[in-house]
Each structure stands twice: as structure tokens, then as C-alpha cells.
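1. Sequence plus the predicted model coming up.
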Amino acid sequence: MKIRRIVILGLVSASLVLSSCTEDQLTAEPGGSSVTQDQNKDLVEKYPEKVATLINGIYASLTSRNLTGSDDHMEFGLPSILLMTELMGQDMVQVDRGYNWFWPMQIFNAIGDNTIYTRYMWRLPYAVVDKCNEVLRTIDPETTNDDLKAYIGQAKAVRAFMYWNLVQMYQHTYKGHESDPAV
């Protein structure tokens, strides 16, 4: 039995050595492994249904956990941001701290430029905006394909929604800042 394993192992090793890559297979041409913007646009025009994956990724990122790279339990997408902002209002009351990740929002202890809550409320919308911009860079804005036009519209709508949320959280009041730019 032991000799049989050694023979099989020897045959497998020999076949791997004899079929290994040659030197010219290991060298890649510069730029040979990347797709240019024009090639990408051609692929999108030929296979518009593939862009649906990017759009679905945008919607999935709205409820995904740890999209921004941290490992905080309270980060589960847009619903967590909506809970945080709701708790900073006066119409939702929590009476027990318990396992409540959002307690600091209720007592206004999470407000500041260096809290995990503030960083998340800033990073998540911009991560989603980046995904929307990726879709908009991928599709030619002059396309005549109706499906691609719909994808452009969805990416722009989600991006506008994220900016709208950022403006509500971080913009100055309108009075006295009528001509100031938004975020």
C-alpha cells in the first residue's frame, strides 16, 4: 500500500514537472492584461445585460455589511444610517442601553469628526457614489440602447439620493448660505 502511494505521488510529480510553464508563458506583454476604456465600451455595447451586474452591486451595497472596510457591528448599510439619523431626532426614544449599538446617537455622544458613526455616515454614501460613477464611466452617454439608458438613469438616481442624504447631514442651513456649494 505504501509503495502504491509513492508510485502515484511520483507519477503526479513527474507529470507536473514535465507539463510546467515555459519561460515565455510566464512573461506578459505590458498592458496585455488590462482592458482599455474603448474596449470596455465596445463590450458593454455588445453585451448590455452584463451591466446589470454592476447595477445589482449598487443596490446590494446599500444593505451590505462592512462596505467601507471596517468591522463595526453597527455598519449594515443605509438602514443603519437611517436609524442613526432617526435617533438624533426627538421622536424616537430608547430607554435601555443594553446591546444597542446606536445608543451614542440618542444621547448625542457620537457627534464629532472622529467617531466611528460619523466616519461611517460619510464613507458609505461616497462608496455607493463611487460604484455609481463606475457604471457611468462604463457606459457611453451617447448610447442608443434603451437598457443601457435605463442603467445610466438608475446609477444617476442612486448617486443623487446619496448626495441628497449627505447634504441633509453635512450642509449648512440654507439661510445665509444660499449660494454655497453642497458636499
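-> Ah, there it is.
2. so where do the strands sit in this protein?
-> Using DSSP state E, the chain contains no strands.
3. Mean confidence (pLDDT) on stretch 39-59, please.
-> For stretch 39-59, mean pLDDT is 80.
4. Stretch 141-152 now?
-> Stretch 141-152 comes out at a mean pLDDT of 90.
5. got the buried residues for it?
-> By neighbour count on 16 or more other C-beta atoms under 10 Å, the buried set for stretch 141-152 is Thr143, Leu148, Tyr151, Ile152. C-betas here are computed from N, CA, C, even on glycine.
6. Equivalent analysis for stretch 115-130, please.
-> Using 16+ other C-beta under 10 Å as the test for burial, stretch 115-130 gives Tyr117, Thr118, Tyr120, Met121, Trp122, Leu124, Pro125, Val128, Val129.
7. would you turn the residues you listed into JSON lines with distance to Asn165 and pLDDT?
-> Formatted as JSON lines, these follow (distance: C-beta to C-beta, whole Å; pLDDT from 0 to 100):
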{"residue": "Tyr117", "distance to Asn165": "14", "pLDDT": "73"}
{"residue": "Thr118", "distance to Asn165": "14", "pLDDT": "74"}
{"residue": "Tyr120", "distance to Asn165": "12", "pLDDT": "76"}
{"residue": "Met121", "distance to Asn165": "9", "pLDDT": "79"}
{"residue": "Trp122", "distance to Asn165": "11", "pLDDT": "81"}
{"residue": "Leu124", "distance to Asn165": "9", "pLDDT": "85"}
{"residue": "Pro125", "distance to Asn165": "6", "pLDDT": "88"}
{"residue": "Val128", "distance to Asn165": "10", "pLDDT": "91"}
{"residue": "Val129", "distance to Asn165": "10", "pLDDT": "93"}
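8. Export those as TSV, with columns for distance to Gln168.
-> Shown next, in TSV, are the buried residues of stretch 115-130 (distance: C-beta to C-beta, whole Å):
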residue	distance to Gln168
Tyr117	15
Thr118	14
Tyr120	16
Met121	11
Trp122	13
Leu124	14
Pro125	11
Val128	15
Val129	15
